[in-house]
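Peer 1: Sharing a sequence plus its predicted fold:
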Amino acid sequence: MRYSLRQNIAVEPVIAGWYGWSYLLPPQTLARFVRNRFTPIVESYLENPQVHAAAVRQRRMHGGPWIHAHEHRDAIEAWYRETAPRRERLGELFEAIRQVEEDILPRHHGESLDPVYQELPPALSGRVEVFYGRDNRTPDYRFIEPLMYASEYYDESWQQVRFGPVEQDAREFALTTPMLEYTPEHLLVDVPLNSPLLDTVFRGGLTEAELAGLAAKLGLTGERAALFTSYFEPTPSSAPEPAATPSDDEDVLEYVGHACVFARHRGTTFLVDPVLSYGGYPGGAENRFTFADLPERVDYLLITHNHQDHMLFETLLRIRHRVGRVLIPKSSNASLVDPGLGGILRRLGFTDVVEVDDLDTLRCGSAEVVALPFLGEHGDLRIRSKTGWLLRFGERSVLFAADSTNISPTMYAKVAELIGRVDTVFIGMESTGAAASWIYGPLYGEPLDRRSDQSRRLNGSNFPQAKEIVDALEPDEVYVYAMGLEPWMGVVMAIDYDESHPAIVGSDLLVRHVRDKGGTAERLHLRRTLRL
């Protein structure tokens, strides 16, 4: 008898006690999130947990700075007290960054910056480069990121995973609540996120002795080892191939949910912006694409940008052992708001990561991949790590535009002059996104005033913008996606739609516009098999 992880067991990444996502992995951004976001949340909760309890009962408050496990005050207080000494090191790094940004660089107005290197605090000395911006008077800096990861401030012992069952499609928002063992079914395991032991967990097919050995390697004994093994179920000794639809040798374009799309063309497999749902529990939505539907090999993984709903660690870890090459947009800033995506993925355990610049073209198995410019959706910050992916499958081309916003009305027309018309366009239309501070606020030196913050929202395209993109590219098919409609996206998103919501109204208008021109259009929800 062999054993594999049950389909409904989530293995959630944890960094410094919080749900792990990309801005918590580099030490410099983790330091800012711990001090500027997580510490105020916990201290507010400990002072008055009932305020948090009342807030999370209101749907419109979801995604705010509230702890959802409000009934576990004693456990959260004990965790916060016990981890205080470990937070001190991150506090050193936070203070060093503050000194550079607020005390050292503002003293320079155009003269040589050479003396700055002698003033840098020890935490950053030898690990940053300073320079002037375009005006030759305002100094700025960047991290030498490999040296930051090699420093004492990057501590893999802060990394864990939490096992626990998923029992319904709707998942609770996770980004503002400490990841503790709140129920007897939760199990926190100390293990670096890049550990090959996690690949063994997800690959499955283990004998009883191998499963016991895996528990021991993860440092689990007694009742904790027994709980770990309970997450596995018997599978046949010769497990069948996963049920990729419709068959492993047929070309297919499969909408998975949110911004995730699976494609197979002439035997080469692609997965864009991986966020997959769980199965194996009663009452789940029908017609879902789950982890069990992926083939054993994903040749190319493509990521459009570094937001948690497009680069979900929880999914990435689970499929890492299946992935060949990862294609990502080129990162060039190495700043607090734009840490290198390649460095993050490599420290997440991916070894074959390729950065692609605007309009670069790569041959990927049976297809050709082109990186297209991506504007908007990042709060007007200098963020380079974003791209739309154009895949050419023989004579047919498919664009995954993600949350690209047509704020420069002529850009897509100019792109079309170079790439020609596109047959199929996937475009995000979450046209009323969160304020920029929702993601980036902890990284700011000074908070934005409310008016500025609200004006710089993380929006996808509205109807006029999406219409201009579609009209420039002249596709036969248009699919609206990345709307956060699937209930399992609640773990990292907090969107409450009704028929009057601007994103619903705008996407309905786009669907009607395309259909009026004789094309095919749909706002996607749950699994959808499309023509390739």
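Peer 2: Here it is on my side, so go on. The shown structure was predicted, so the numbers you read here are calculated from the model rather than taken from an experiment.

Peer 1: Give me the pLDDT for Thr361.
Peer 2: pLDDT, the model's per-residue confidence, is 97 for Thr361.

Peer 1: Same check on Ser151?
Peer 2: So Ser151 comes in at 97 (pLDDT).

Peer 1: In contact with it: list those residues for me.
Peer 2: Pro27, Ala123, Arg127 (Cβ atoms under 8 Å, 6 or more residues apart in numbering). Backbone N, C-alpha and C define where each C-beta goes, glycine included.

Peer 1: Okay, now the unreliable bits of the stretch 151-300 of the chain?
Peer 2: 236-248 (pLDDT under 70).

Peer 1: ok, back up a step: out of the contacts of Ser151, which one sits closest to Asp380?
Peer 2: The nearest member of these to Asp380, counting by Cβ to Cβ, is Pro27 at 26.1 Å.

Peer 1: rewinding a little: which of the contacts of Ser151 lies closest to Gly365?
Peer 2: Of the contacts of Ser151, the one sitting nearest to Gly365 (Cβ to Cβ) turns out to be Pro27, at 36.3 Å.

Peer 1: how about the closest residue to that closest one other than its chain neighbours, what does it touch?
Peer 2: Once flanking residues are discounted, Pro27 sits nearest to Tyr153: 3.9 Å by Cβ to Cβ, 6 or more residues apart in numbering. Tyr153 makes contacts with Pro27, Gln28, Ala31, Arg89, Leu90, Glu92, Leu93, Ala123, as judged by Cβ under 8 Å, 6+ apart.

Peer 1: so Tyr153 is in which element?
Peer 2: Counting by DSSP states H and E, no helix or strand carries Tyr153.

Peer 1: And it, how far from Ala402?
Peer 2: 32 Å (Cβ to Cβ, to the nearest Å).

Peer 1: hang on, isn't Thr529 packed against Val256?
Peer 2: No - between Thr529 and Val256 there is no contact under Cβ atoms under 8 Å: 10.6 Å.

Peer 1: Between these two, which is the more surrounded one?
Peer 2: Just comparing Thr529 and Val256: by other Cβ atoms under 10 Å the higher neighbour count belongs to Val256, 27 against 14.

Peer 1: which one of the contacts of Ser151 sits closest to Val189?
Peer 2: Pro27 (21.9 Å).

Peer 1: Wait, the closest one touches Ala150, no?
Peer 2: No - assessed by Cβ under 8 Å, Pro27 is found out of contact with Ala150, at 10.2 Å.

Peer 1: who has more neighbours, the two?
Peer 2: Pro27 (23 against 11).

Peer 1: What values do phi and psi take at that one?
Peer 2: The phi/psi pair for Pro27 (degrees, to the nearest 10) reads phi -60, psi -30.

Peer 1: and it, what does it touch?
Peer 2: Neighbours of Pro27 in contact, by Cβ under 8 Å, 6+ apart: Leu90, Leu93, Met148, Tyr149, Ser151, Tyr153, Tyr154, Asp155.

Peer 1: try Tyr481
Peer 2: Contacts of Tyr481 by Cβ under 8 Å, 6+ apart are Tyr255, His258, Ala259, Val261, Phe426, Ile427, Gly428, Arg523, Leu524.

Peer 1: Can you tell me how far it is from Ala503?
Peer 2: 12 Å.

Peer 1: Equivalent analysis for Ser455, please.
Peer 2: 18 Å.

Peer 1: Looking at those two, which is more packed in?
Peer 2: Ala503 (25 against 13).

Peer 1: you'd agree the more buried one is in a strand?
Peer 2: No - Ala503 is assigned helix when assessed by DSSP: H, G, I helix; E, B strand; the rest coil, not a strand.

Peer 1: residues touching the nearest residue in space to Arg137 that is not next to it in sequence, list them.
Peer 2: If the residues on either side of it in the chain are set aside, Arg137 comes closest to Gly110, at 4.6 Å by Cβ to Cβ, 6+ apart. Contact partners of Gly110, counting by Cβ under 8 Å, 6+ apart, are Tyr132, Asn136, Arg137.

Peer 1: mind checking the SS state of Thr269?
Peer 2: strand.

Peer 1: what's near enough to touch it?
Peer 2: Neighbours of Thr269 in contact, by Cβ under 8 Å, 6+ apart: Phe262, Ala263, Pro295, Arg297, Val298, Asp299, Tyr300.

Peer 1: What is the neighbour count of the last one?
Peer 2: What it means is Tyr300. If you count neighbours by other Cβ under 10 Å, Tyr300 ends up with 24.

Peer 1: my guess is it meets Leu271, correct?
Peer 2: Yes - Tyr300 lies in contact with Leu271 (Cβ under 8 Å); the separation is 7.5 Å.

Peer 1: quick one: the residue in the chain sticking out farthest from the centre from Ser452, how far?
Peer 2: What lies farthest from the middle of the chain is Glu111; by Cα atoms, centre = their mean that is 40.4 Å. Glu111 sits 31 Å away from Ser452, going by Cβ to Cβ.

Peer 1: where exactly do the strands run in the stretch 1-150 of the chain?
Peer 2: 2-5, 9-15, 18-19, 128-132, 139-143 (DSSP state E, counting those that start in this stretch).

Peer 1: Present these as a markdown table; the columns should include distance to Leu187 and mean pLDDT.
Peer 2: Converted to a markdown table, the strands of the stretch 1-150 of the chain look like this (distance: least, Cβ to Cβ, whole Å; pLDDT from 0 to 100):
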| stretch | distance to Leu187 | mean pLDDT |
| --- | --- | --- |
| strand 2-5 | 13 | 97 |
| strand 9-15 | 10 | 98 |
| strand 18-19 | 16 | 98 |
| strand 128-132 | 39 | 97 |
| strand 139-143 | 35 | 96 |
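
Peer 1: And the ones you listed: which comes nearest Asn462?
Peer 2: strand 18-19 (30.1 Å).

Peer 1: which outside residues touch that closest one?
Peer 2: Against strand 18-19 from outside (Cβ under 8 Å, 6+ apart): Glu12, Pro13, Leu24, Phe33, Phe38, Ala174, Leu175, Thr177, Pro178, Met179, Val491, Val492.

Peer 1: OK, contacts around the fifth one?
Peer 2: Read that as Phe38. Taking Cβ under 8 Å, 6+ apart, we find Phe38 in contact with Ala16, Trp18.

Peer 1: likewise the third one?
Peer 2: Taking Cβ under 8 Å, 6+ apart, we find Leu24 in contact with Ile15, Ala16, Trp18, Leu30, Phe33.

Peer 1: what's the closest non-adjacent residue to the fourth one?
Peer 2: Nearest residue to Leu30, sequence neighbours excluded (Cβ to Cβ, 6+ apart): Leu24, at 5.0 Å.

Peer 1: quick one: that neighbour and Pro146, what's the gap?
Peer 2: 18 Å.

Peer 1: Dump stretch 119-136 to PDB, restricted to CA.
Peer 2: Written as PDB, here are the backbone C-alpha positions of stretch 119-136 (Å, rounded to 0.1, in the frame of the first residue of the first chain):
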ATOM      1  CA  GLU A 119      27.700  56.400   6.900                       C
ATOM      2  CA  LEU A 120      25.600  53.300   6.100                       C
ATOM      3  CA  PRO A 121      24.500  51.400   9.200                       C
ATOM      4  CA  PRO A 122      26.100  48.000   9.600                       C
ATOM      5  CA  ALA A 123      22.900  46.100   8.600                       C
ATOM      6  CA  LEU A 124      23.200  47.700   5.100                       C
ATOM      7  CA  SER A 125      26.900  48.500   4.700                       C
ATOM      8  CA  GLY A 126      28.200  46.600   1.600                       C
ATOM      9  CA  ARG A 127      24.600  45.500   0.700                       C
ATOM     10  CA  VAL A 128      23.200  48.600  -1.100                       C
ATOM     11  CA  GLU A 129      24.100  50.900  -3.900                       C
ATOM     12  CA  VAL A 130      23.200  54.600  -3.700                       C
ATOM     13  CA  PHE A 131      22.700  56.900  -6.700                       C
ATOM     14  CA  TYR A 132      20.800  60.000  -8.000                       C
ATOM     15  CA  GLY A 133      17.500  59.900  -9.800                       C
ATOM     16  CA  ARG A 134      16.800  61.700 -13.100                       C
ATOM     17  CA  ASP A 135      16.900  65.100 -11.500                       C
ATOM     18  CA  ASN A 136      20.500  64.600 -10.400                       C
END
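
Peer 1: Many thanks, have a good one.
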